[in-house]
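> fold the following and give me the result.
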Amino acid sequence: MTKSGKRVAWVTGGGSGIGEAGAEALAADGWIVVVSGRRQSALDTVVAKITAAGGAAEALALDVSDAAEAQKAADKIVAKHGRIDLLVNNAGINVPKRSWKDMELEGWDKLVQVNLNGVLYCMRAVLPTMRKQQDGSIINVSSWAGRHVSKMPGPAYTTTKHAVLALTHSFNMDECVNGLRACCLMPGEVATPILKLRPVVPSEAEQAKMLQPEDLGRTIAFIASMPPRVCINELLISPTHNRGFIQTPNNRD
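Numbers count the residues shown, from 1 in each chain. Here you go, the predicted model:
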């Protein structure tokens, strides 16, 4: 903890959706939260919302696909607060052209760089500090597609999210001896802005049945609240009305 007795959390992809909800839930639990993302204005809005509610939050603009920038961001947090207790790797993207028939290599490379390399870059950036602390937790936000291969998310997204699951387990195998632990959080459909990139955007009625960002925010806060002796290696969560189990016109492509 910091001199003020607060724990420090770094949340990537913190400007909207799951990242925003996670930051809000952590701040409500007393964490100092540093939110990162590419859009400074979105980060500032999240910070203002958290501080207005009495929480402690800061904005730190970042493109996680840049390894050097990820390291600089971690170094800035440590320089100011002296530690990093939690990393929430939430930054992730998908593209409209996602099937084998229209997939573009540029889209594939972009997804790998953000969804996989970005996760690794941030994990490596916090690792020296967490090892020194002999304490630290990482939550890697993957996807239902990281556990179950399905057609709709596309090959690039499904591949990167599977890789994040493997990366998380590999981390625990090596770093458990240093008191570190990581959880791969794999949500099913969540009503977030990324849905707008789908070839067929779900209707409002369909999105109302999905997981909501606040559901994932509470889940992130729960994982983060576990004592150091507990490692939740992976957590698979879905809507009760799971469209992956139900054949509908909009979830076939």
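> mind listing what's buried in stretch 130-150?
130, 133, 135-147 (16 or more other C-beta atoms under 10 Å). Where you see a C-beta, it was placed from the backbone N, CA and C, and this is true even at glycine.
> which of those lies closest to Met210?
Nearest to Met210 among the buried residues of stretch 130-150: Trp144, at 11.2 Å, using C-beta to C-beta.
> so who does the closest one touch?
Contact analysis of Trp144 by C-beta atoms under 8 Å, 6 or more residues apart in numbering lists Ser150, Met186, Pro187, Gly188, Glu189, Leu236, Ser238, Gly244.
> gap between it and Asn172?
As judged by C-beta to C-beta, to the nearest Å, Trp144 and Asn172 stand 21 Å apart.
> same question, Ala57
Counting by C-beta to C-beta - Ala57 and Asn172 are separated by 28 Å.
> more neighbours: which of those two?
Set Ala57 next to Asn172 and count neighbours by other C-beta atoms under 10 Å: Ala57 wins out with 24 against 17.
> residues touching that one, list them.
When contacts are counted by C-beta under 8 Å, 6+ apart, Ala57 touches Ala23, Ala27, Ile32, Val33, Val34, Val35, Val46, Val47, Ile50, Thr51.
> can you get me a residue count around the fourth one?
Val33 is flanked by 29 other residues according to other C-beta under 10 Å.
> who does the strand ranked longest in the chain touch, helix- and strand-wise?
Longest strand of the chain, by residue count under DSSP state E: strand 180-187. Counting contacts by 3 or more C-beta pairs under 8 Å, 6 or more residues apart in numbering; DSSP states H and E, strand 180-187 is packed against helix 118-133, strand 136-141, helix 155-175, helix 213-225, strand 234-237.
> from the contact counts, what lies against the first one?
So that's helix 118-133. Under the contact definition 3+ C-beta pairs under 8 Å, 6+ apart, helix 118-133 sits against helix 67-81, strand 86-89, strand 136-141, helix 155-175, strand 180-187.
> tell me what the first one is packed against?
It stands for helix 67-81. strand 8-11, strand 32-37, strand 56-61, helix 118-133.
> to Asp109, which of the ones you listed lies closest?
Closest of those to Asp109 is helix 118-133, at 12.7 Å (criterion: C-beta to C-beta).
> quick one, grab the pLDDT at the spatially closest residue to Val201 that is not a sequence neighbour.
Excluding the flanking residues, the one nearest Val201 by C-beta to C-beta, 6 or more residues apart in numbering is Leu195, at 6.0 Å. At Leu195, the pLDDT value in this model is 85.
> before we move on, what about Pro249?
53.
> low pLDDT regions in the protein?
1-4, 247-253 (pLDDT under 70).
> at 80 what do you get?
Residue ranges of the chain with pLDDT under 80: 1-5, 197, 199, 247-253.
> contacts only, for the residue positioned nearest the centre of the chain.
Nearest residue to the geometric centre of the chain (C-alpha atoms, centre = their mean): Asn90, 1.6 Å. Under the criterion of C-beta under 8 Å, 6+ apart, the neighbours of Asn90 are Val11, Thr12, Gly13, Gly14, Ile18, Gly19, Gly22, Ile139, Val141.
> got it, and Thr219?
Thr219 touches Leu185, Pro187, Leu235, Ile237, counting by C-beta under 8 Å, 6+ apart.
> out of these, which are buried?
The neighbour count (16+ other C-beta under 10 Å) marks Leu185, Pro187, Leu235 as buried among the contacts of Thr219.
> dump the residues you listed into JSON lines; add distance to Ser41 as well.
Formatted as JSON lines, the buried ones among the contacts of Thr219 follow (distance: C-beta to C-beta, whole Å):
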{"residue": "Leu185", "distance to Ser41": "27"}
{"residue": "Pro187", "distance to Ser41": "26"}
{"residue": "Leu235", "distance to Ser41": "31"}
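> which residues does the longest strand of the chain contact?
18, 123, 127, 130-131, 135-144, 146-147, 161, 164-165, 168-169, 171-172, 175, 211, 216, 219-220, 223, 228, 230-238.
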